[in-house]
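In: please find the sequence and the predicted model below.
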Amino acid sequence: MARYTGPKSKIARKFREPIFGADKALEKKNYPPGQHGAAKKRAKQSEYAVQLQEKQKAKYTYGILEKQFARTFERASRSHGITGEVLLQLIESRLDNVVYRMGIAPSRRGARQLVSHAHINVNGHVVNIASYTLKPGDVVSVREKSKSLEVIVNSLSGSVNKYPWLDFDRSAMSGKFISRPERSQIPENIKEQLIVELYSK
């Protein structure tokens, strides 16, 4: 499965945000990468460049490549509701993202690996497609044989954020996808309207 495998700190510095989680390199060098670093004068970005950068940030944050992101936007644009909000709701409904949000994996990249290696069940059946879109009421759980995996145990032993659209039982390693989240409930710093404007050109 295609995915971004390049340097994460470089991307985080590009956007000046810890989009892959806590990053010591970003803390030390909170300026864009490049030969001249902080000393380089940046030209004023065009409207297109700002919109493109916001789309790139969303793609890197959620670990989605261009073709799949474009397909998700197309689905969002055909749905009822505000296109930008629906786009984020569809992305948040992906199985790999929900596994990450539930705390089963420490990162979205780790969650994607757990899903693709068939460690995750949806409604009692193994689903190994990271982009699988969950529906309200779907139950996501760790396979019985996988509950002793060190990566899962370690992830769940840490502090787990709680989200109102998810109901997770840590001891059972099982949770329910209650509903698609409201925009105000999604913590990512993404200006989705800029993405809509980019695709509308």
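Out: Looks like it arrived, so ask away.
In: residues touching residue 155, list them.
Out: When contacts are counted by C-beta atoms under 8 Å, 6 or more residues apart in numbering, residue 155 touches 103, 104, 105, 106, 110. Glycine gets a C-beta too; all of them are placed from N, C-alpha and C.
In: can you put the residues you listed in a markdown table and add distance to residue 54 and pLDDT?
Out: Formatted as a markdown table, those follow (distance: C-beta to C-beta, whole Å; pLDDT from 0 to 100):
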| residue | distance to residue 54 | pLDDT |
| --- | --- | --- |
| 103 | 27 | 95 |
| 104 | 29 | 97 |
| 105 | 26 | 96 |
| 106 | 26 | 93 |
| 110 | 25 | 95 |
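In: elements contacting the helix ranked longest in the chain?
Out: When the chain is parsed with DSSP state H, its longest helix is helix 47-62. Secondary-structure packing of helix 47-62 (3 or more C-beta pairs under 8 Å, 6 or more residues apart in numbering; DSSP states H and E): helix 8-15, helix 66-78, helix 192-199.
In: which stretches of the protein have low pLDDT?
Out: Scanning the chain for pLDDT under 70 picks out the ranges 1-43.
In: show me where it has helices.
Out: Assigned by DSSP H, the helices in the chain fall at 8-15, 24-28, 47-62, 66-78, 83-92, 95-101, 108-116, 150-157, 192-199.
In: residue 179: which of the ones you listed is closest?
Out: Nearest to residue 179 among the helices of the chain is helix 83-92; the distance by C-beta to C-beta comes to 9.4 Å.
In: contacts for the closest one, please.
Out: Contacts for helix 83-92 (C-beta under 8 Å, 6+ apart): 58, 62, 64, 72-73, 75-77, 79-80, 97-98, 101, 133, 165, 180-181, 183, 186, 188, 190, 192-193, 195-196.
In: now the buried members of those residues.
Out: 58, 62, 64, 72-73, 76, 97-98, 101, 133, 165, 180-181, 186, 190, 192, 195-196 (16 or more other C-beta atoms under 10 Å).
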